[in-house]
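Enquirer: Sequence plus predicted model, see below.
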2 protein chains.
Amino acid sequence: MHEIPMSEILGELRELSARRVLIQTPEGLKREAQELADFLEKNGIEVIISGDINYGACDPADREAKMLGCDALIHLGHSYMRLHLEVPTIFVPAFARIDVIPAIEKNLSEVRKLGQKIGLVTTVQHIHQLERVKSSLQEQGFTVLIGEGDGRISFRGQVLGCNFTTARVDADGILFIGAGYFHPIGVAISTRKPTLAINPYSGDAIWMNEEAERMIRKRWAQIAKAYDARKFGVVISTKKGQLRIAEARKIMKLLKEHDRKAMLIAMNYINYPALEGFDFDAYVVVACPRVPIDDYENWRKPVLTPPEVELLLGLREEYKFDEILGGKGEKAKAELKAYSIIIQS
Amino acid sequence: MHEIPMSEILGELRELSARRVLIQTPEGLKREAQELADFLEKNGIEVIISGDINYGACDPADREAKMLGCDALIHLGHSYMRLHLEVPTIFVPAFARIDVIPAIEKNLSEVRKLGQKIGLVTTVQHIHQLERVKSSLQEQGFTVLIGEGDGRISFRGQVLGCNFTTARVDADGILFIGAGYFHPIGVAISTRKPTLAINPYSGDAIWMNEEAERMIRKRWAQIAKAYDARKFGVVISTKKGQLRIAEARKIMKLLKEHDRKAMLIAMNYINYPALEGFDFDAYVVVACPRVPIDDYENWRKPVLTPPEVELLLGLREEYKFDEILGGKGEKAKAELKAYSIIIQS
């Protein structure tokens, strides 16, 4: 599925004079991480694999690497996110090998329904094919816009589960390329534009706006369940790229101003079972937006995002998707290298 | 059940000029932690509760406290462990209110079977009653020895799940006071002496040596399951008081010398589901000994302690309980204060 550029990584580590390295991997690249570890050890570098489950570049194990005496961190599967890191880190985004063009050609009649001017976005897996897709669509007569995004985004046109700034372009509709529903639903809600998702694996094209409405209805049900809640646990994350303490304080203030009690809770892996036993009526997760939205069925108490608290308190009327925004004016995007990006701490 | 000395903690925080504090709590003190948080906030101190499950003083959230901008950490439920901490930390051991003397008096005939010279140990919950128990037993004609223990132990006579050095005294048998089987089984195995456990809640007295033999048989079954394993994952913990990297390297070396492959894995919360997907035949946990011993039924692969690897490789014959030892000659034990111990970072 994915190719890890092992020799190039070894070269970068030698450049860094790294003697011991920590490897972080997402679920889907565990075997590849082991192969990389074997390869590096055969070449004289001591390797420690991080066994903690990792969901994104927002959760680099740089502190752990430092604590374990590692000179460098290899973060597999995600692209670089601008964070202050404690050891040099090699981000190795996992570019998928599948060609996305056939799925787009197959669904051209649907793509035309987006309008003439389309915004083009994808996840990091397919980001290396975005310029090819753009050319191909331009040949078909489309005007194609690829958004820069803000400082949280590594590549032009990339969307994260918590950031759709590259989709906010002056287009008639948005074409998302990739698998899964979460990202294109976020695109549809945050842009309020017709959004078509083309899955390069299945070849399917799905209009996301109805899915988005369905998700919004579910979220309103969560908000309704929290109407009578008096005591709120406001949960922040200790993951480096998910720590939103200022926003959490703002939510605490809002809740208190509206006669609710609120207590700040910090967690690494945010999950309901660890919170069982605390005496809160409802929770607000001011961290990764996927936690309250994807995982709410495992919570015995209502769990909201920050914008949903504003809806609850009557401070906002229209549903808003929770996003984590990066710095502004961050125009210099990462180079689209097939292997790695190194950040000096 | 447990009394948290809230005013004293507030006093200590004021002494430290702490304006923001992180509170860590074990499962059983979550409500008390919330009450303490409410009390401190009413007194002008900003509080963040750690939602991460905490099992011991070996896992202080001092790094998290620092990252969250807290001036101090309150660690509830466990006694001080000698670690380099990044913020001033108030350890608040939870002393149980139950009087342990009646359960001992009820079982005096069993206690006599230990011999005339008995070693006396307990967990931190009952440590404040140990001198009273000693006097009471001396009145009955016993010679009572309370061990100093090594540098990992806060109080004379205290045992941890990973340290039984206070039980290694020149006695005929050991009397353990407390609930649960893990600690007294560890005492029985590590001392090889008759061990009687008296539970102050139920009033029961249980001889632990047979329980210890049963546990050892189960552990040999785990070792047997690992006989054919070729690839070992050697798991270390990133919890400050469980990090045993030198010992892990020793185990890696032993395994490799005996033609096994071994890879180092670092995790915070060590659990099998997070490791599913890696290609290892067996695991060695070089961290908290409770993980492989208490949790092995949740692992789909054999999981061993470091001494069990020595048994597997034929380098040791007699079963040895895994312990984490502290520095030697650490005779100055903590003062037995009912409320708190403060460690400056």
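Expert: Structure received.
Enquirer: For A:V92, give its distance to B:A262.
Expert: Distance from A:V92 to B:A262, counting by C-beta to C-beta, to the nearest Å: 24 Å. Just so you know, the C-beta spots here come from the backbone N, C-alpha and C atoms, and that holds for glycine as well.
Enquirer: who has more neighbours, the two?
Expert: A:V92 (32 against 21; other C-beta atoms under 10 Å in any protein chain shown).
Enquirer: Mind listing what's buried along the helix or strand hosting A:G119?
Expert: A:G119 belongs to strand A:117-122 when assigned by DSSP states H and E. The neighbour-count check on strand A:117-122 (16 or more other C-beta atoms under 10 Å in any protein chain shown) flags A:I118, A:G119, A:L120, A:V121, A:T122 as buried.
Enquirer: The second one contacts A:F176, correct?
Expert: Meaning A:G119. No - judged on C-beta atoms under 8 Å, A:G119 makes no contact with A:F176 at a distance of 9.1 Å.
Enquirer: between these two, what contacts are shared?
Expert: A:A167 (C-beta atoms under 8 Å, 6 or more residues apart in numbering or on different chains).
Enquirer: ok, back up a step: which one among the buried residues of strand A:117-122 gets closest to chain B?
Expert: A:T122 (25.5 Å; C-beta to the nearest C-beta).
Enquirer: now the helices for the stretch 201-345 of chain A?
Expert: Under the criterion DSSP state H, counting those that start in this stretch, the stretch 201-345 of chain A contains helices at A:209-225, A:245-257, A:272-275, A:290-295, A:306-312.
Enquirer: Output the second one in CSV, but only the C-alpha positions, please.
Expert: Think helix A:245-257. The C-alpha trace of helix A:245-257 is given here as CSV (Å, rounded to 0.1, in the frame of the first residue of the first chain):
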residue,chain,number,x,y,z
ILE,A,245,-6.2,26.3,26.5
ALA,A,246,-7.2,29.8,25.6
GLU,A,247,-10.3,28.6,23.8
ALA,A,248,-11.1,26.3,26.7
ARG,A,249,-11.0,29.3,29.0
LYS,A,250,-13.3,31.2,26.7
ILE,A,251,-15.8,28.3,26.9
MET,A,252,-15.5,28.1,30.7
LYS,A,253,-16.2,31.8,30.9
LEU,A,254,-19.3,31.5,28.6
LEU,A,255,-20.6,28.6,30.6
LYS,A,256,-20.1,30.4,33.9
GLU,A,257,-21.7,33.6,32.6
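Enquirer: so how far is it from its chain's centroid?
Expert: 24 Å (C-alpha atoms, centre = their mean, to the nearest Å).
Enquirer: cool, and the longest one?
Expert: Relative to its parent chain, helix A:209-225 has a centroid offset of 21 Å by C-alpha atoms, centre = their mean.
Enquirer: Please give me every residue in contact with the residue lying closest to A:K250 once chain neighbours are set aside.
Expert: Sequence neighbours aside, A:P306 is the residue nearest to A:K250 in space, at 7.8 Å (criterion: C-beta to C-beta, 6 or more residues apart in numbering or on different chains). A:P306 sits next to A:E247, A:K250, A:I251, A:V284, A:V286, A:D322 when contact means C-beta under 8 Å, 6+ apart.
Enquirer: now, the most widely separated pair of these?
Expert: Farthest-apart pair in the contacts of A:P306 is A:K250 and A:D322; separation 13.1 Å (C-beta to C-beta).
Enquirer: Spell out which parts of chain A neighbour chain B.
Expert: Contact residues, chain A versus chain B (C-beta under 8 Å from any C-beta of the partner chain): A:22, A:27, A:30-31, A:34, A:37-38, A:46-53, A:63-64, A:67-69, A:233, A:235-236, A:238, A:243, A:245, A:263-270, A:274-275, A:277-279.
Enquirer: Can you select the buried ones among the residues you listed for me in PyMOL?
Expert: In PyMOL, a selection of the buried entries from the residues of chain A next to chain B looks like this (16+ other C-beta under 10 Å):
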select buried, chain A and resi 22+30+34+37+46+47+48+49+50+51+52+53+63+64+67+68+233+235+236+238+243+245+263+264+265+266+267+268+269+270+274+275+278
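Enquirer: Low-confidence ranges, chain A, go.
Expert: Where chain A drops to pLDDT under 70, the residues are A:1-2, A:329-345.
Enquirer: which secondary structure elements does the strand holding A:G119 contact?
Expert: helix A:130-139, strand A:143-145, strand A:173-177 (3 or more C-beta pairs under 8 Å, 6 or more residues apart in numbering or on different chains; DSSP states H and E).
Enquirer: tilt between the last one and helix A:209-225?
Expert: Pointing back at strand A:173-177 there. Per axes from the mean of the first three to the mean of the last three C-alpha atoms, to 10 degrees, the angle that strand A:173-177 makes with helix A:209-225 is 90 degrees.
Enquirer: Restricting to C-alpha, output strand A:173-177 in PDB.
Expert: Extracted C-alpha coordinates of strand A:173-177, given in PDB (Å, rounded to 0.1, in the frame of the first residue of the first chain):
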ATOM      1  CA  GLY A 173     -18.500  23.900  -5.400                       C
ATOM      2  CA  ILE A 174     -15.800  21.700  -3.800                       C
ATOM      3  CA  LEU A 175     -14.400  18.400  -5.100                       C
ATOM      4  CA  PHE A 176     -12.900  16.300  -2.300                       C
ATOM      5  CA  ILE A 177     -10.700  13.300  -3.300                       C
END
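Enquirer: Which neighbours in the sheet does it have, and how are they oriented?
Expert: strand A:117-122 (parallel), strand A:195-198 (parallel) (DSSP bridges).
Enquirer: Go through the residues of the stretch 101-250 of chain A and report the one nearest to chain B.
Expert: Closest to chain B within the stretch 101-250 of chain A is A:T238: 5.0 Å, counting by C-beta to the nearest C-beta.
Enquirer: mind listing what that residue touches?
Expert: A:A266, A:M267, A:N268, B:E64, B:M67, B:L68.
Enquirer: again with A:G186
Expert: Taking C-beta under 8 Å, 6+ apart, we find A:G186 in contact with A:V159, A:G161, A:F164, A:P289, A:F321, A:E323.
Enquirer: Secondary structure element holding it?
Expert: Under the criterion of DSSP H and E, A:G186 resides in helix A:182-191.
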